[in-house]
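Trainee: Everything below, folded, please.
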Amino acid sequence: MYYDRLLLATAYLPPLEYFVHLCFYDTGIIEVEETWPKQTWRNRCRIMTSNGPLDLTIPVSKPYGNHTKTKDILISAHTHWQKNHWRAICAAYRNSPYFVFYQDMLEPYYRKPFPEKLTTFNYRLLNEFLRELNIKICLTKSRRYDKRPEYDFDLRHSISPKTRHRKNLPDLNCIPYYQVFSEKTGFVPNLSIIDLIFNMGPEAGDYIRKCSLLLRHQLSLG
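Mentor: Take a look at the predicted model:
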């Protein structure tokens with residue numbers, strides 16, 4: 001079935017498959033009108049360390065309790081999360097081939113005061129990577145919540161760290177790329193986009209487009 005647009009949740013340094021699906025479409029919508037769900041990629045990412053995968057989580061607050069919409073979620077100022085996240089990222093990737101090349105792009109997000117709202121912070125980061133990867137897509141934010149959109153390919157809940165939420169979404173079947181700790185841990189797929197960027201550099205965009213073609217083929221056979 002052909003869909004007009006891609007519908008995605010907001011995400012913090014999203015996993016690789018998030019960008020692979022973005023390559024399918026000319027238009028995308030970031031959902032912000034939903035009631036905030038817990039334990040998703042909306043405020044967390046997964047990087048690779050010498051001890052294995054590590055999740056980094058942005059602390060948030062809900063000004064309207066359990067009825068808070070994603071667009072109203074605030075980044076908590078009660079912890080030094082920026083300092084801790086950047087320290088973890090540097091420890092994980094300082095020896096990667098392209099860390100120095102992309103450091104100046106990413107580091108300001110961990111040194112400067114952050115926006116009050118999570119969606120603003122995520123959106124700015126997302127656009128940085130879309131430009132760097134040369135992924136052309138017109139992104140907007142949702143204006144109302146549609147539980148069962150008819151014309152949008154809905155991945156708001158399918159791209160998730162929770163296996164049970166992935167439904168019939170196929171796993172990425174991409175050729176392994178070099179990772180800093182691969183000799184110790186083996187190749188680990190579908191990490192945060194920074195893992196691909198720091199390890200593959202200028203080739204990252206072409207890698208994503210190849211993955212996109214493979215996944216499109218998988219979906220056409222499904």
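Trainee: residue ranges of the helices in the chain, please?
Mentor: For the chain, the helices defined by DSSP state H cover 16-22, 81-93, 99-106, 108-111, 118-133, 182-185, 193-200, 204-221.
Trainee: for the ones you listed, which one sits closest to residue 53?
Mentor: helix 182-185 (8.4 Å; C-beta to C-beta). The way it works is simple: take the backbone N, C-alpha and C, and place the C-beta from them, glycine included.
Trainee: Give the buried residues for the closest one.
Mentor: Within helix 182-185, no residue counts as buried by 16 or more other C-beta atoms under 10 Å.
Trainee: Give me the contact list for it.
Mentor: With contacts defined as C-beta atoms under 8 Å, 6 or more residues apart in numbering, helix 182-185 is touched by 48, 50, 52, 176, 179.
Trainee: Dump these to CSV, plus pLDDT and neighbour count.
Mentor: Formatted as CSV, the contacts of helix 182-185 follow (pLDDT from 0 to 100; neighbours: other C-beta atoms under 10 Å):
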residue, pLDDT, neighbour count
48, 96, 24
50, 93, 12
52, 93, 10
176, 93, 10
179, 96, 22
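Trainee: of all the residues you listed, which comes closest to residue 20?
Mentor: Checking the contacts of helix 182-185 against residue 20 by C-beta to C-beta gives residue 176 as the nearest, at 15.0 Å.
Trainee: Quick one: residues contacting the closest one.
Mentor: By C-beta under 8 Å, 6+ apart, the contact set of residue 176 is 182, 187, 189.
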